[in-house]
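# Predicted model, plus sequence, below.
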Amino acid sequence: MDLTNKKILVVGLARTGASVARFLAERGAVVTVTDMKDEAALAPFVEKLSGRQIRYELGRHDNDSFLAADMIVVSPGVPMDIPPLVLAKNRGRTIISEIELAYSFIDAPVVAITGTNGKTTTTTLVGEIFRNCGRTPFVGGNIGKPLIDLVTSGEKVDVAVAEISSFQLEAILTFRPKVAVLLNVTEDHLDRYSSYQEYIDAKARIFQNQTPGDFAVLNMDDPIVASLAGKLAARTFPMSQQRVLEQGIYCRDGCITFAWDGRMERFPTASFKLKGVHNIENIMAALAAALLMDCDAPSALAAVEDFSGLHHRMELVAIVGDVAYYNDSKGTNVGSVVKSLESFPGDVTLIAGGKDKGGDYAPLAELVRERVKHLILLGEARQRICDSLGSLTDTHMVNTLEEAVSLARRLTSPGGVVLFSPACSSFDMFKNYEERGDLFASLVRDLPGSGI
């Protein structure tokens, strides 16, 4: 892709937008950056781009700039249905995402992971397996470094491992992973999509450019994901915890078995530090991706055994008065909280709530009834959650996370669990889920008698 003197509009100036703008300017493009936030709000990103020939339209979007562009690169947080983008699309302008731009300049094979839940854990673990097998991976995408950073760094890697969001997949043209993984699909981001089906279709785009020489790893225990089997150009590689597979990867009686084209590998799960049914799913997906890229089984197993999980995802913060406090701030949707609650037999005090994303809370009903002894709700979504689940258990409403932690300590009996798993995004009260999780952890560690 020759970018010299091309007029390129970058829509959205945050971490990804800044990386894209820097890359384009260095490649000789005529770059304009537009964002609805004003210059004061975006000052840190503008500062990072100082000294480069970049034009800014901040605090507004100008239709003329969208129509004058040879190409438009859209950052993940920007909806594709904003009027200037719709106008540009109708006028035939090329509109791509950052991952599409990056892919055009990446020589290494790509392993791409998507799904409503588990993709960050899986992506991180795939990277660890590759490293332990003597490979040099880039790990990023929707986590850590944007994919375009691999191009700008000039780093030589054997494989690019990328977490991919539905937003990033909305504007791909040629993006084609050698191995594409779809972990699961449950309701999420319905504040962004007009329907659940539109969200499902966005996720499935990860497979659209694959060929018979590529692999599509599908979770056959998820009915939406399973429905794609037989409809894809790539070779379907199935995974399941519910049934034995002749070909694919499955878990039975404490052992994960990988069986593919005459190769058979077994991985006992007893020594895994990462616990929970949902994490077995993530581990199987990570092993499948790595072994399909010819990683050796003993090194892969050693990497899995050494992996203890992610910050803010089912993270044991402390044990206070024989009560375990778990930080699951990354549980930003209902499906994620379902997985987390399934990890505990009962006596759970669940702290939930935040910015509502438009999904249905009903899938939590049975687990709340059976396993949640106390439900503490906060944030913009608290009344909606209460209307859906409040009658199923002892329910309380609070105004702050400080109040929630204090109340949870008073309510939870020794031997119980306090689970902070919001089922919502953080943006009503916090900058991001990390800031929210850090505050929860800090509040727990400040409780008298805290220890781990």
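It's in.
# okay, now D107: neighbour count?
9 (other Cβ atoms under 10 Å). C-beta: built from backbone N, CA, C; applies to glycine.
# ok so it is a helix residue?
No - the assignment for D107 (DSSP: H, G, I helix; E, B strand; the rest coil) gives coil, which keeps it out of a helix.
# measure it to A381 for me?
Separation of D107 from A381 (Cβ to Cβ, to the nearest Å) stands at 44 Å.
# P177 now?
Distance from P177 to A381, by Cβ to Cβ: 34 Å.
# who's more crowded, those two?
Comparing P177 with A381 by other Cβ under 10 Å, the one with more neighbours is P177, at 27 against 24.
# Enumerate every residue touching that one.
109-112, 162, 206, 210, 214 (Cβ atoms under 8 Å, 6 or more residues apart in numbering).
# could you redo the last one with a cut-off of 6 Å?
110, 112 (Cβ atoms under 6 Å, 6 or more residues apart in numbering).
# Could you do the one 5 residues further on as well?
Contact analysis of L182 by Cβ under 6 Å, 6+ apart lists 114-115, 218, 225.
# so what's V405 up against?
Contacts of V405 by Cβ under 6 Å, 6+ apart are L443.
# Go again with 8 Å.
V405 neighbours (Cβ under 8 Å, 6+ apart): 351, 418, 440, 443-444, 447.
# so where does it fall, helix or strand?
Element membership for V405 (DSSP states H and E) is helix 401-411.
# try G140
strand 137-141.
# State the mean pLDDT of that strand.
Averaging pLDDT along strand 137-141 yields 96.
# swap in stretch 381-388?
96.
# For that stretch, which residues meet the burial criterion?
381-382, 384-386, 388 (16 or more other Cβ atoms under 10 Å).
# for stretch 158-167, same thing?
159-167.
# Give me the contact list for it.
Contacts of stretch 158-167 (Cβ under 8 Å, 6+ apart): 76-77, 97, 99, 106, 108-114, 119-120, 122-123, 126-127, 130, 135-143, 147, 150, 177, 189, 192-193, 199, 202-203, 206, 289, 293.
# can you give me the angle the lengthiest helix in the chain makes with strand 137-141?
Counting residues, the longest helix in the chain under DSSP state H turns out to be helix 277-292. If you take axes from the mean of the first three to the mean of the last three Cα atoms, to 10 degrees, helix 277-292 sits at 130 degrees to strand 137-141.
# Let's see helix 277-292 as CSV, backbone CA atoms only.
Extracted C-alpha coordinates of helix 277-292, given in CSV (Å, rounded to 0.1, in the frame of the first residue of the first chain):
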residue,chain,number,x,y,z
VAL,A,277,-14.8,-23.8,33.7
HIS,A,278,-14.5,-20.7,31.5
ASN,A,279,-10.7,-20.8,31.8
ILE,A,280,-10.6,-24.4,30.5
GLU,A,281,-12.3,-23.0,27.4
ASN,A,282,-9.7,-20.3,27.1
ILE,A,283,-6.8,-22.7,27.6
MET,A,284,-8.2,-25.1,25.0
ALA,A,285,-8.5,-22.3,22.5
ALA,A,286,-4.9,-21.1,23.2
LEU,A,287,-3.5,-24.6,22.9
ALA,A,288,-5.4,-25.1,19.7
ALA,A,289,-4.1,-21.9,18.1
ALA,A,290,-0.5,-22.6,19.2
LEU,A,291,-0.4,-26.3,18.2
LEU,A,292,-2.0,-25.5,14.8
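# Any buried residues in that helix, and which?
In helix 277-292, counting by 16+ other Cβ under 10 Å, buried: 278-292.
# Where does pLDDT dip in the chain?
Scanning the chain for pLDDT under 70 picks out 190, 451-452.
# Show me the domain layout of it.
The record's domain parsing of the chain by automatic domain parsing lists 7-92, 101-306, 315-445.
# can I get the ones you listed in a markdown table with distance to M1?
Converted to a markdown table, the domains of the chain look like this (distance: least, Cβ to Cβ, whole Å):
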| stretch | distance to M1 |
| --- | --- |
| domain 7-92 | 9 |
| domain 101-306 | 5 |
| domain 315-445 | 32 |
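# D438: neighbour count?
With other Cβ under 10 Å as criterion, D438 counts 16.
# State the distance from it to G309.
On the measure of Cβ to Cβ, D438 and G309 end up 16 Å apart.
# picking that back up, sort out which of the contacts of stretch 158-167 are buried, if you could.
Applying 16+ other Cβ under 10 Å to the contacts of stretch 158-167 flags 76, 97, 99, 106, 108-114, 119-120, 122-123, 126-127, 130, 135, 137-143, 147, 150, 177, 189, 192-193, 199, 202-203, 206, 289, 293 as buried.
# Can you tell me which of the residues you listed end up in strands?
97, 110-114, 137-141 (DSSP state E).
# Taking the residues you listed together, which two end up most distant?
S97 and P137 (21.5 Å; Cβ to Cβ).
# List the buried residues of the helix or strand containing D438.
Using DSSP H and E, D438 falls within helix 433-445. Within helix 433-445, the residues that count as buried by 16+ other Cβ under 10 Å are 433, 436-441, 443-444.
# And for stretch 5-24?
In stretch 5-24, counting by 16+ other Cβ under 10 Å, buried: 6, 8-24.
# ditto for stretch 304-319
Buried residues in stretch 304-319 (16+ other Cβ under 10 Å): 304-305, 307, 309-310, 312-315, 317-318.
# swap in stretch 147-157?
147-152, 157.
# now do stretch 415-427
Result for stretch 415-427 [16+ other Cβ under 10 Å]: buried residues 416-427.
# Kindly check the end-to-end length of it for me.
33 Å (Cα to Cα, to the nearest Å).
# dump the residue contacts of R371.
341, 344-348.
# Select from these every entry located in helices.
L341.
# Grab the two from the contacts of R371 that are most spread out in space.
Every pair of the contacts of R371 checked by Cβ to Cβ; the farthest is L341 and D347, at 11.7 Å.
# now the angle between strand 110-114 and the strand holding G140, please.
Using the same axes, to 10 degrees: strand 137-141 against strand 110-114 is 40 degrees.
# who touches strand 137-141?
So strand 137-141 is contacted by 99, 108, 112, 123-124, 126-127, 130-131, 145-147, 149-150, 155, 157-164, 168 (Cβ under 8 Å, 6+ apart).
# tell me which element L13 is part of?
Per DSSP H and E, there is no helix or strand for L13.
# And it, how far from R192?
19 Å.
# Then M1?
28 Å.
# same check, this time on A259
Distance from A259 to R192, by Cβ to Cβ: 39 Å.
# now do T114
With Cβ to Cβ as the criterion, T114 and R192 are 15 Å apart.
# swap in I376?
Counting by Cβ to Cβ, the gap from I376 to R192 is 27 Å.
# the strands in the stretch 251-400 of the chain, which residues?
255-260, 263-268, 315-320, 323-327, 348-352, 372-377, 394-397 (DSSP state E, counting those that start in this stretch).
# Of those, flag the one that's most buried.
Burial of those is given as mean neighbour count (mean count of other Cβ atoms under 10 Å); strand 348-352 ranks first at a mean of 28.
# Which other helices and strands does that strand contact?
Contact analysis of strand 348-352 by 3 or more Cβ pairs under 8 Å, 6 or more residues apart in numbering; DSSP states H and E lists helix 334-341, strand 372-377, helix 401-411, strand 417-420 as its packing neighbours.
# Understood, closing this out.
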